[in-house]
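> When you get a sec, could you give me coordinates for this:
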Amino acid sequence: MIILIKAKAGLIKPIQSRLMVSLLVFLFSGLNCFAEEAMMPIPIDTSISLDQATAKIIKNDDNIRILGAETEIIDDREIHVIKFLTLDGRIQHYKIDAKTGEIIN
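Below is the predicted model of the structure:
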C-alpha cells in the first residue's frame, strides 16, 4: 500500500510541473495582444469648438461686432463660420477649420 501512495505522489509532481508550464505559456502568450494595444498612440483631440473659434476672432480684432456663428460642412470638413460687422459697417465672415483651429480665408 505504501508503494502505491508513493507512486501516486510521484505522478502528481510531473503533472503539476506540466500544468504550471502550460499555464505560464498561456499567460505570457496572452500578454502580447495587450502590449500591442498599449503601444498604440492615443489620439489627441485638437479640435476647436465654435465658442473657442469666436473667442479667437475677438482676440485677434476687438473692434468688430459678432453678428452670428455656426458650424458648416464645407468640402467634407467642419468649418466654423463667424459673421461679423466691421467698424465701417461691412458684414464679413471668418472661416475657421474646426479640426485644426486654422483661420481660412
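
> tally of neighbours for the residue nearest to Thr54 when sequence neighbours are not counted?
Spatially, and ignoring its direct neighbours in sequence, Thr54 is nearest to Ala69 (5.0 Å; CB to CB, 6 or more residues apart in numbering). No exception for glycine: its C-beta is placed from N, CA and C like everyone else's. Here the number of neighbours of Ala69 (other CB atoms under 10 Å) works out to 18.

> Return the distance of Ala69 relative to Lys95.
11 Å (CB to CB, to the nearest Å).

> what's downstream of the helix or strand hosting Met20, the next helix or strand?
Under the criterion of DSSP states H and E, Met20 resides in helix 2-39. Counting by DSSP H and E, the next helix or strand C-terminal to helix 2-39 is helix 50-60.

> can you tell me the helix or strand for the residue lying closest to Asn105 once chain neighbours are set aside?
Closest residue to Asn105 apart from its sequence neighbours, by CB to CB, 6+ apart: Lys95 at 6.3 Å. Using DSSP H and E, Lys95 sits within strand 91-97.

> Which neighbouring elements make contact with the helix or strand following that strand?
Counting by DSSP H and E, the next helix or strand C-terminal to strand 91-97 is strand 103-104. Using 3 or more CB pairs under 8 Å, 6 or more residues apart in numbering; DSSP states H and E as the contact test, the elements touching strand 103-104 are strand 91-97.

> quick one: buried residues of the strand it packs on?
Applying a neighbour-count criterion of 16 or more other CB atoms under 10 Å, one finds Tyr94, Lys95, Ile96, Asp97 buried in strand 91-97.
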